[in-house]
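K.L.:
The following comprises the amino acid sequence and a computationally predicted model.
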Amino acid sequence: MVRTTVTSARLAETISTTQEKINCLFMKDDRPKTLAEYARKEKALQKAKGKDISTGQARILRITNDISQAENQFDLIVAVEAACAKFDHFDKYTHDEEIESGVAGVLFFQLERVVTSSKPRDSEIELLVSALEMVHRCSCHSIKNSIKAAGKYAAFQVPCHIVEKYTRYPQHHACAPTIVCLVAKLFTNFTKATGVMQRMAENYDIILVMVHVLECDMHEWVKMEAINVLAELAYSEETNSVMIHVDGFIDALTECANSSNKKIKEGSARAFLNLATAAENRPILGSRDDTVNVLLKCLHESSNTTRKCAIGALGNMSACEENKLRLVNYGNGEIVKTLLFAARSDVNKQLRKDAMGVLANLSNADTSCLLCTYPDFLNSLVTQAACDAQLEIQRGALKVLRRMASFVDATVPCHALLLKALLKALAGKHAVAHVVAALKDQSSKPANRRSLAQFPGLLDALAVISLEVEDARVNAVKTLLFVAYQNDGATYAASECVLSALATAAGLTKKKDVLTRFAAIKTIKKLALREDNRAAMERSTSLLVALKWTVKKAAKIVAITDTLTEFLTGSPEDMLDTVFDAIDGELVTVIRDEDLSALAHATLLTIIPASKIHD
């Protein structure tokens, strides 16, 4: 197990390099023979050459030399105690100088020598690990250089051997908690460098010994440090992390998440959140009842951090298709109920928003019908979509409703419940455009059109919106058009409100509204196939005036690529997809006034005899 040959060579190279840096500052006959001797000549150097090497740097070099030259236990303890007194600060730039001096390499070498000796002493190990932890409070770049210089064995495996020793029989070593805690802090310092963190996440031994810390009879403050290491390593995204496959890892983390200690619970929730960021981990986490249960418990904690991490972990897990139905069904809807409560009542604005995001993630073809039938689910969403004081929460609730609307259609019994909820949500000032867009999506599916036409008050509500809400007008008219084209070729009986709205849309005069005019006139033409609708249209002066005005008007309206023939003969889906692509600026040909006039003229002929058109 002893690897002192390689390490000694590396140490010798470090000391030699440092000695050369010193020697180059002196005349040949005046060069100090040791690093310690340099400290005595430092003042003379400053007077002669300025501050090329500061007093602090000189002390670091002297400490490095004293540690490297220590030949017995007493000398080593004295040297490392002096190092600890010097290095116990949080100025990372000074720590960078310490790393550059080679002191980390010397400490790693001495630690390996002591650990692999026949009679390793706890006091020496504690001092060496403590000094290493202090030195590695440096920058990410210096950590990377230090680990590269020390090597994987000295930096990773030796500390793992130490933790394994002191967690196996902690009762036999009074210093065990302190030493294990220091190693965990050292590993946490290592994780500041991304490349080093990724290598650690691939190291089975590091994760295993940290799991052993959680499993053994250690103080809670020691376990907290181990959880910090695991939480950091769990966030290694671009790596083949072995964490979730380490024996006992999830069990130990779940047990810690059930701890009464607030900090341990927070750290465990953070570890679960970071684990769930990796897509390959989500099915494993979602399949474990104990994991789901502990995260659900965390949602009820008073700590904002714990609740935020738990919601984030569930959100990541719910992004996995395999988990959605299982999470919705868990505990007879307990997760859904808890998320609804958090979205409605949590004092933390961000947590409310996150809870809404998880509910949106949970919605898919398998779960949306279940969610519609959960007690108070739709009512709660509608209330928040229409009335919540925070605009972001309104938008989150609307996102959930629209996502569910994309999965629920007229073939399932809960379709009417969804339509009722969408209709109620129209009461919200900021909800109208989103809800109308959801209804437009619904109407684009032929199987839904009869249900939409027959739902009490829905078409009239769309008509009113087209008159009063400019931002929603296009989708409202488009929805009326889609619903007019039912599967069997039939159409709906239009109320006076709907006819009035269509007449207004057909008579719009602004250039940007030309496509809305097309949709409205196309709808009127389809509705006129019903005798009762024709009679009502013939009595509507405003509708006839709008159509006659369109017939007579001569002006270039807007640019699109498709010909009028496609507008007049295509299905409403084909026609309006082209029309609204033009609004987005994707199409570039001209709709001529005579083309728009032809559509209006054909509509007039459907409503009234040709002999009466000019009367």
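P.N.:
Yep, that arrived.
K.L.:
Can you give me the buried ones in stretch 430-441?
P.N.:
431-441 (16 or more other Cβ atoms under 10 Å). (Each C-beta comes from the backbone N, C-alpha and C, glycine too.)
K.L.:
Checking Met218 next. Helix, strand or coil?
P.N.:
Secondary structure for Met218, judged by DSSP: H, G, I helix; E, B strand; the rest coil, is coil.
K.L.:
Measure how buried it is and give me the count.
P.N.:
Using other Cβ atoms under 10 Å, Met218 has 21 neighbouring residues.
K.L.:
Need the pLDDT of it.
P.N.:
We note a pLDDT of 86 for Met218 in this prediction.
K.L.:
And the helices in the stretch 101-250 of the chain?
P.N.:
Assigned by DSSP state H, counting those that start in this stretch, the helices in the stretch 101-250 of the chain fall at 103-115, 122-135, 140-150, 152, 158-168, 176-190, 194-201, 204-215, 220-234, 249-257.
K.L.:
Distance to Asn364 and mean neighbour count added to those, as JSON lines?
P.N.:
Formatted as JSON lines, the helices of the stretch 101-250 of the chain follow (distance: least, Cβ to Cβ, whole Å; neighbours: other Cβ atoms under 10 Å):
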{"stretch": "helix 103-115", "distance to Asn364": "52", "mean neighbour count": "24"}
{"stretch": "helix 122-135", "distance to Asn364": "47", "mean neighbour count": "23"}
{"stretch": "helix 140-150", "distance to Asn364": "41", "mean neighbour count": "20"}
{"stretch": "helix 152", "distance to Asn364": "44", "mean neighbour count": "13"}
{"stretch": "helix 158-168", "distance to Asn364": "43", "mean neighbour count": "21"}
{"stretch": "helix 176-190", "distance to Asn364": "39", "mean neighbour count": "24"}
{"stretch": "helix 194-201", "distance to Asn364": "31", "mean neighbour count": "19"}
{"stretch": "helix 204-215", "distance to Asn364": "33", "mean neighbour count": "22"}
{"stretch": "helix 220-234", "distance to Asn364": "27", "mean neighbour count": "23"}
{"stretch": "helix 249-257", "distance to Asn364": "26", "mean neighbour count": "21"}
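K.L.:
what's the closest of those to Asp409?
P.N.:
Minimum separation from Asp409 across the helices of the stretch 101-250 of the chain (Cβ to Cβ) falls at helix 249-257, 39.1 Å.
K.L.:
What about Thr291, how many residues nearby?
P.N.:
For Thr291, the neighbour count with other Cβ under 10 Å is 22.
K.L.:
pretty sure it contacts Glu255?
P.N.:
No - if you go by Cβ atoms under 8 Å, Thr291 and Glu255 don't touch, sitting 11.3 Å apart.
K.L.:
In helices, which of the buried residues of stretch 430-441 appear?
P.N.:
Among the buried residues of stretch 430-441, the members falling in helices (DSSP state H) are 432-441.
K.L.:
Tabulate these (JSON lines), appending pLDDT and distance to Ala355.
P.N.:
Shown next, in JSON lines, are these (pLDDT from 0 to 100; distance: Cβ to Cβ, whole Å):
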{"residue": "Val432", "pLDDT": "93", "distance to Ala355": "24"}
{"residue": "Ala433", "pLDDT": "92", "distance to Ala355": "24"}
{"residue": "His434", "pLDDT": "92", "distance to Ala355": "19"}
{"residue": "Val435", "pLDDT": "94", "distance to Ala355": "21"}
{"residue": "Val436", "pLDDT": "94", "distance to Ala355": "26"}
{"residue": "Ala437", "pLDDT": "93", "distance to Ala355": "23"}
{"residue": "Ala438", "pLDDT": "94", "distance to Ala355": "21"}
{"residue": "Leu439", "pLDDT": "95", "distance to Ala355": "26"}
{"residue": "Lys440", "pLDDT": "94", "distance to Ala355": "27"}
{"residue": "Asp441", "pLDDT": "93", "distance to Ala355": "24"}
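K.L.:
what's the closest of the residues you listed to Val163?
P.N.:
Checking these against Val163 with Cβ to Cβ, the nearest one is His434 at 54.0 Å.
K.L.:
Spatially nearest residue to that closest one (excluding sequence neighbours)?
P.N.:
Of all residues not flanking His434 in the chain, Leu398 sits nearest, at 4.1 Å (Cβ to Cβ, 6 or more residues apart in numbering).
K.L.:
List the residues that contact that neighbour.
P.N.:
Counting by Cβ atoms under 8 Å, 6 or more residues apart in numbering, Leu398 touches 385, 425, 431, 434-435.
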